[in-house]
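> sequence and predicted structure are below.
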Amino acid sequence: MKEKLHYILLLITVLLVAGISLANMQSVNVSFILFSFKLPLIILILISVLLGSVTTFLISMVKNFSLKKELKKTKEALKNSHTEN
């Protein structure tokens, strides 16, 4: 059930991004630090969503790694407590 919910949320997100992007087809000037260039707003929106997704993925990977490390320590402590008894 949880996996289906993820797919539904992903589909809703994709549809929202597509709808917003298609409604914003005009070009905009983008200024970033020393660079300035013209870019279709749809591309800018897609790049922003992609960067947000990558950032979220990286943060979740770091958290997942620390949780796995903590789980390993807890399992070792539990194993040691069982061998002592």
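Thanks, I have the structure now.
> contacts for the lowest-mean-pLDDT helix or strand in the chain?
Of all the helices and strands that make up the chain, the one with the lowest confidence by mean pLDDT, DSSP states H and E is helix 2-23; it has a mean of 86. The set of residues external to helix 2-23 that reach it, using CB atoms under 8 Å, 6 or more residues apart in numbering, is Leu41, Ile42, Ile45, Leu46, Val49. Every residue, glycine included, has its C-beta placed from N, CA and C.
> restrict that helix to CA atoms and write it as CSV.
The C-alpha atoms that make up helix 2-23 are tabulated as CSV, following Å, rounded to 0.1, in the frame of the first residue of the first chain:
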residue,chain,number,x,y,z
LYS,A,2,2.8,2.3,0.9
GLU,A,3,4.5,1.7,-2.5
LYS,A,4,1.2,2.6,-4.3
LEU,A,5,1.0,5.8,-2.4
HIS,A,6,4.5,6.8,-3.5
TYR,A,7,3.6,6.1,-7.1
ILE,A,8,0.4,8.2,-6.8
LEU,A,9,2.3,11.1,-5.2
LEU,A,10,4.9,10.9,-7.9
LEU,A,11,2.2,10.9,-10.6
ILE,A,12,0.5,14.0,-9.0
THR,A,13,3.8,15.8,-8.8
VAL,A,14,4.7,15.1,-12.4
LEU,A,15,1.2,16.2,-13.5
LEU,A,16,1.5,19.4,-11.5
VAL,A,17,5.0,20.2,-12.8
ALA,A,18,3.8,19.5,-16.4
GLY,A,19,0.7,21.7,-16.0
ILE,A,20,2.7,24.6,-14.4
SER,A,21,5.4,24.3,-17.0
LEU,A,22,3.0,24.2,-20.0
ALA,A,23,1.3,27.3,-18.6
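> which of the contacts of helix 2-23 are buried? Put it as a ChimeraX command.
Taking 16 or more other CB atoms under 10 Å as the burial criterion, the selection of buried members of the contacts of helix 2-23 in ChimeraX is written as:
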select :41,42,45,49
